[in-house]
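Visitor: Sequence first, then the predicted structure:
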Amino acid sequence: MILFIYDKTLDGLLTALFDAYNRKTFPDVLLSKGDTLPLFYDDIFTVITDEEKAGRVWRGLQKKISASALSAITWCWLSELPEVGMLLFRYIRKAIDSPVSIETNFGDPDVLALTNCKIWKRVDWERLRMLQFVRFQKAVDGTFFAAFEPQHNALPLTVGHFKDRFADQRWLIYDMKRRYGFYYDLHTVEEVTFDDDGQAAHLITGMLDESLMDKDEKLFQQLWKTYFKSITIKERLNPRKHKQDMPVRYWKYITEKQK
């Protein structure tokens, strides 16, 4: 059994492919640092992520598969499912080695797993929920802050929408689960992270403290709650359906669900 240890990034995975071809040995298992090693194995190799190597693999892959298949790889990677690293490693290797496109070879279990809707559809569903349920709070400096906790790493897939939709506003959308976000300064969008030490309260709770809110933010929040209540038809309340459409795990970051 051959083990590769990598940093569980997409660039790391692509670097692992480059190194595997260079070494002429391919892993049976991909692990990250700190994972429990199997009791018996023949060889272990630690992958050092290299953007140049990763780029070479990606450019080679672009010649082998369509843009939609490349997107499927990216979206499946963002699912963060435990098995997705090895699945993509095998798929990319097959795509590179094959003299013809493998995209319609549904007899191959890896092709079928990548192209059927189950994996990428989960990510897409999470993306749509972010577009529906992200709630911004205006800070005293004029920045609009929103926190979310997506089940899958869908935040990068929403950035284009928010940049177009709120092009005239500075905003920060923060993934509470993965502790990173994207900040738009009216010109460009940049990925941001914050030190764990001394983190601001709103990066822990997802809600701005009143001292950090714009002077009218509390009023706008109350107006939104009032509007939400006014359009509710009590006779048609269906809590079960409501929880299906707006899962409870999102409620702690949704303005109309706050007391």
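Guide: Everything's here; your move.

Visitor: Quick check, Phe194 in contact with Arg179.
Guide: Yes. Using CB atoms under 8 Å, Phe194 is in contact with Arg179, at 7.3 Å. The C-beta positions use only the backbone N, C-alpha and C, and glycine is treated the same way.

Visitor: list residues touching both of those two?
Guide: Common contact partners of Phe194 and Arg179 (CB atoms under 8 Å, 6 or more residues apart in numbering): Leu203.

Visitor: Can you say which helix or strand has Thr226 in it?
Guide: Thr226 belongs to helix 217-230 when elements are defined using DSSP states H and E.

Visitor: now swap in Leu13 and tell me
Guide: Using DSSP H and E, Leu13 falls in helix 10-23.

Visitor: Need the contact partners of that helix.
Guide: For helix 10-23, the external contacting residues (CB under 8 Å, 6+ apart) are 4, 6, 26-27, 30, 45, 47-51, 53-58, 74, 77, 85, 88-89, 92-93, 96.

Visitor: Now the buried members of these.
Guide: 4, 6, 27, 30, 47, 49, 53-54, 57-58, 77, 85, 88-89, 92, 96 (16 or more other CB atoms under 10 Å).

Visitor: Looks to me like Phe182 is in a strand.
Guide: Yes. Counting by DSSP: H, G, I helix; E, B strand; the rest coil, Phe182 is part of a strand.

Visitor: is it true that it touches Val192?
Guide: Yes. Between Phe182 and Val192 there is a contact under CB under 8 Å: 6.9 Å.

Visitor: Those two: who's more crowded?
Guide: Taking other CB atoms under 10 Å, Phe182 and Val192 do not tie; Phe182 has more neighbours (19 against 12).

Visitor: and that one, bridged to which residues?
Guide: Phe182 has these beta-bridge partners by DSSP bridges: Ile173, Glu191.
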